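Colleague: A predicted structure for the sequence below; I have some questions about it.
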Amino acid sequence: MNEQAPIQLVRVDEKNEQLSPQQAANELAEGGNINKIRDILFGGQMRDYDRRFVRLEERIGKEMNDLRDESRKRIDSLETFFRKEIDALSVRVIGEQNIRTDAVRELVQGLKDLSVNFDRKLSQMGEQNNRNDSELRQQLLEQSKVIREEIQGRYSELLKAIDREAVELRHEKTDRTALSEMFAELAMRLNNDLRLPNG
């Protein structure tokens with residue numbers, strides 16, 4: 001059997017200098033530290049990983065910043081859009097409100113005008129009725145006065161006729177039959193004269 005060659009421990013320092021097996025063995029003997037062993041075994045690879053992680057972190061950080069900036073831009077754009085939409089909606093609502101307010105104002109004014117016209121018409125009708133009532137009362141008063149005067153005239157004439165008949169009776173001394181006929185005739189005349197004319 002062939003003898004296996006001894007394992008040579010190789011360590012690369014920060015200056016990428018390769019240590020000799022003897023130097024590596026001496027460092028292991030001196031330190032006996034696992035970190036040193038790891039650094040000896042994987043030092044270069046770990047530093048490469050560190051550099052990769054640093055670059056990855058930088059790239060992730062840059063992408064995060066870019067994503068944050070893009071998100072901020074989109075949010076600002078959405079905020080601007082919504083603000084414009086809200087302003088436009090506010091203008092439209094205010095315009096519609098003004099239109100409705102004007103319509104209500106015109107309606108109220110129309111109702112006021114209608115109420116004033118109705119009150120004026122009602123007042124005119126009342127005045128006309130009052131004038132008609134006054135004229136009717138005046139006509140009734142005049143007719144009553146005419147009828148009263150006519151009745152008084154007829155009554156005066158009848159009294160005069162009675163007086164004349166009485167004087168004639170006293171002078172002529174008529175008998176009871178003639179007197180009775182005279183009073184009957186007088187009664188008939190009174191009934192006919194005291195009747196008010198129709199209409």
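Modeller: Sure thing, it's come through.

Colleague: show me where pLDDT drops low in this structure?
Modeller: 1-43, 168-179, 192-199 (pLDDT under 70).

Colleague: if you set the cut-off to 80 instead, what comes out?
Modeller: 1-47, 126, 129-133, 155, 161-199 (pLDDT under 80).

Colleague: tell me the secondary structure at residue 131.
Modeller: What DSSP: H, G, I helix; E, B strand; the rest coil gives for residue 131 is helix.

Colleague: doesn't residue 144 belong to a strand?
Modeller: No. Residue 144 is assigned helix when assessed by three-state DSSP, not a strand.

Colleague: residues near it, how many?
Modeller: As a burial measure, residue 144 scores 10 neighbours (other Cβ atoms under 10 Å). Where C-beta positions appear, they are placed from N, C-alpha and C, glycine not excepted.

Colleague: and the one 5 residues further on, by the same measure?
Modeller: In terms of burial, residue 149 registers 10 neighbours under the definition other Cβ under 10 Å.

Colleague: and it, what helix or strand is that in?
Modeller: Element membership for residue 149 (DSSP states H and E) is helix 34-172.

Colleague: so what does that helix touch, helix or strand wise?
Modeller: When contacts are defined as 3 or more Cβ pairs under 8 Å, 6 or more residues apart in numbering; DSSP states H and E, helix 34-172 sits against helix 21-31, helix 176-194.

Colleague: in contact with residue 162, which residues?
Modeller: Residues near residue 162 by Cβ atoms under 8 Å, 6 or more residues apart in numbering: residue 186.

Colleague: from residue 183, how far off is it?
Modeller: Counting by Cβ to Cβ, to the nearest Å, the gap from residue 162 to residue 183 is 10 Å.

Colleague: how close does residue 57 sit to residue 45?
Modeller: 18 Å.

Colleague: and residue 191, by the same measure?
Modeller: Applying Cβ to Cβ, the value for residue 191 to residue 45 is 159 Å.

Colleague: same thing with residue 152?
Modeller: 154 Å.

Colleague: how many neighbours does residue 155 have?
Modeller: 13.

Colleague: also the one 5 residues further on?
Modeller: By the measure other Cβ under 10 Å, the count of residues near residue 160 is 10.

Colleague: next one: residue 114
Modeller: 10.

Colleague: contacting residues for it?
Modeller: Listed by Cβ under 8 Å, 6+ apart, the contact set of residue 114 is empty.

Colleague: convert the C-alpha atoms of stretch 99-106 to PDB, please.
Modeller: C-alpha atoms of stretch 99-106 as PDB (Å, rounded to 0.1, in the frame of the first residue of the first chain):
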ATOM      1  CA  ILE A  99     -78.300  76.200  -8.500                       C
ATOM      2  CA  ARG A 100     -80.700  74.600  -6.000                       C
ATOM      3  CA  THR A 101     -80.400  77.600  -3.700                       C
ATOM      4  CA  ASP A 102     -81.300  79.900  -6.600                       C
ATOM      5  CA  ALA A 103     -84.200  77.700  -7.500                       C
ATOM      6  CA  VAL A 104     -85.500  77.600  -3.900                       C
ATOM      7  CA  ARG A 105     -85.000  81.400  -3.700                       C
ATOM      8  CA  GLU A 106     -87.000  81.900  -6.900                       C
END
